[in-house]
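Participant: give me coordinates for this.
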Amino acid sequence: MEEAPTLNLTGRELGVLRLLARGLSNRLIARSLGISEKTVKNHLSGVYLKIGATDRTQAALYAHRLGLTP
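Facilitator: Model (predicted):
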């Protein structure tokens, strides 16, 4: 997984990534942000592409390395 700066992520993508890294499901992320689960999936697809991740675990680890989680 290559290191991509968070500047390539939109504000919404960062928000979704933060919640994913906290262990929330797509359904809970959608409820937290007031968006649909399909929209969450679309944002996650963009996040994975931009950071070079292939799954939720890699994306969560990336978020932790960048300090996006408490």
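Participant: can you give me the strands for the chain?
Facilitator: In order along the chain, the chain carries no strands (DSSP state E).
Participant: low-confidence ranges, it, go.
Facilitator: Residue ranges of the chain with pLDDT under 70: 1-7.
Participant: okay, which residue is most central for it?
Facilitator: The centroid of the chain falls nearest to residue 17 when counting by Cα atoms, centre = their mean (2.1 Å).
Participant: check this structure for its longest helix and report it.
Facilitator: Assignment by DSSP state H gives helix 37-51 as the longest helix of the chain.
Participant: count the neighbours of the spatially closest residue to residue 68 that is not a sequence neighbour for me.
Facilitator: Residue nearest to residue 68 in three dimensions, not counting chain neighbours: residue 18, with 5.1 Å by Cβ to Cβ, 6 or more residues apart in numbering. For every residue, glycine as well, the C-beta is placed using N, CA and C. Residues lying near residue 18 (other Cβ atoms under 10 Å) number 18.
Participant: how about residue 65?
Facilitator: Neighbour count for residue 65, taken as other Cβ under 10 Å: 11.
Participant: and the gap between it and residue 21?
Facilitator: Using Cβ to Cβ, to the nearest Å, we find residue 65 at a distance of 10 Å from residue 21.
Participant: returning to what we had before: the longest helix of the chain packs against which elements?
Facilitator: On a contact count with 3 or more Cβ pairs under 8 Å, 6 or more residues apart in numbering; DSSP states H and E, helix 37-51 meets helix 11-21, helix 26-33, helix 56-65.
Participant: would JSON lines of those with distance to residue 50 be doable?
Facilitator: Below are these laid out as JSON lines (distance: least, Cβ to Cβ, whole Å):
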{"stretch": "helix 11-21", "distance to residue 50": "7"}
{"stretch": "helix 26-33", "distance to residue 50": "17"}
{"stretch": "helix 56-65", "distance to residue 50": "10"}
